[in-house]
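Visitor: Give me a 3D structure for the following:
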Amino acid sequence: MVRIENPNGVISITDDVFLNLAGDAATSCFGVKGMAGRAKDGGFFALRRESMSKGVTVSMEDDGSVSLRLHIAVDHGVNIYALCRSIIGEVSYKVSQATGVPVKWVDVYVDTILID
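Guide: Reported below is the predicted structural model:
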């Protein structure tokens, strides 16, 4: 949880806010099928829209910033490098704009490629 103090009081932002913002921003990028989760057999699968925050982990840094790890499932045939750069920019922008908390880094893990 991030605590921001100002002359009018204290604002507390829970990890769930960062998880949902990051998951929503990532899944809005073209080529992302969804967030990825790990199955019991060790494989990966795309998470439903309701549970997309399960594919995201958040770390609070000592300097007051936040770092994010995203596990995604992508469409077959997309340029993975370009897609990941797009996700990093989109997630960083949306999280920092919505919360006022700087984003230190965003790691994107492409766990599976889904073929329609």
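
Visitor: hey, let's count contacts and neighbours off CA atoms from now on
Guide: Noted.

Visitor: show me what contacts residue 102?
Guide: Contact analysis of residue 102 by C-alpha atoms under 8 Å, 6 or more residues apart in numbering lists 64-66, 96.

Visitor: all helices of the protein, in order?
Guide: With DSSP state H, the ranges of helices along the chain come out as 15-27, 80-99.

Visitor: Just give the closest residue to residue 56, not the sequence neighbours.
Guide: residue 70 (4.6 Å; C-alpha to C-alpha, 6 or more residues apart in numbering).

Visitor: Please read the previous query as pertaining to residue 105.
Guide: Leaving aside its chain neighbours, residue 105 sits nearest to residue 67 (5.0 Å; criterion: C-alpha to C-alpha, 6+ apart).

Visitor: pLDDT wise, what is the most centrally placed residue in the chain at?
Guide: Residue closest to the average C-alpha location in the chain (C-alpha atoms, centre = their mean): residue 22, at 3.4 Å. For residue 22, the model assigns a pLDDT of 94.

Visitor: thought it was touching residue 93?
Guide: No. Contact between residue 22 and residue 93 fails when scored by C-alpha atoms under 8 Å: they sit 9.8 Å apart.

Visitor: sorry, back to before: so the residue nearest to residue 56 versus residue 27, what's the distance?
Guide: Residue 70 is 10 Å from residue 27, where distance means C-alpha to C-alpha, to the nearest Å.

Visitor: Compare neighbour counts for the two and give me the winner.
Guide: The residue with more neighbours, out of residue 70 and residue 27, is residue 70; 26 against 20, by other C-alpha atoms under 10 Å.

Visitor: show me the contacts for that one.
Guide: Contacts for residue 70 (C-alpha under 8 Å, 6+ apart) come out as 23, 35, 55-57, 106-109.

Visitor: Residue 13 now?
Guide: Neighbours of residue 13 in contact, by C-alpha under 8 Å, 6+ apart: 1-3, 99.

Visitor: which residues sit in contact with residue 17?
Guide: Applying C-alpha under 8 Å, 6+ apart to residue 17 gives no contacts.

Visitor: swap in residue 44?
Guide: 36-38, 111-112.
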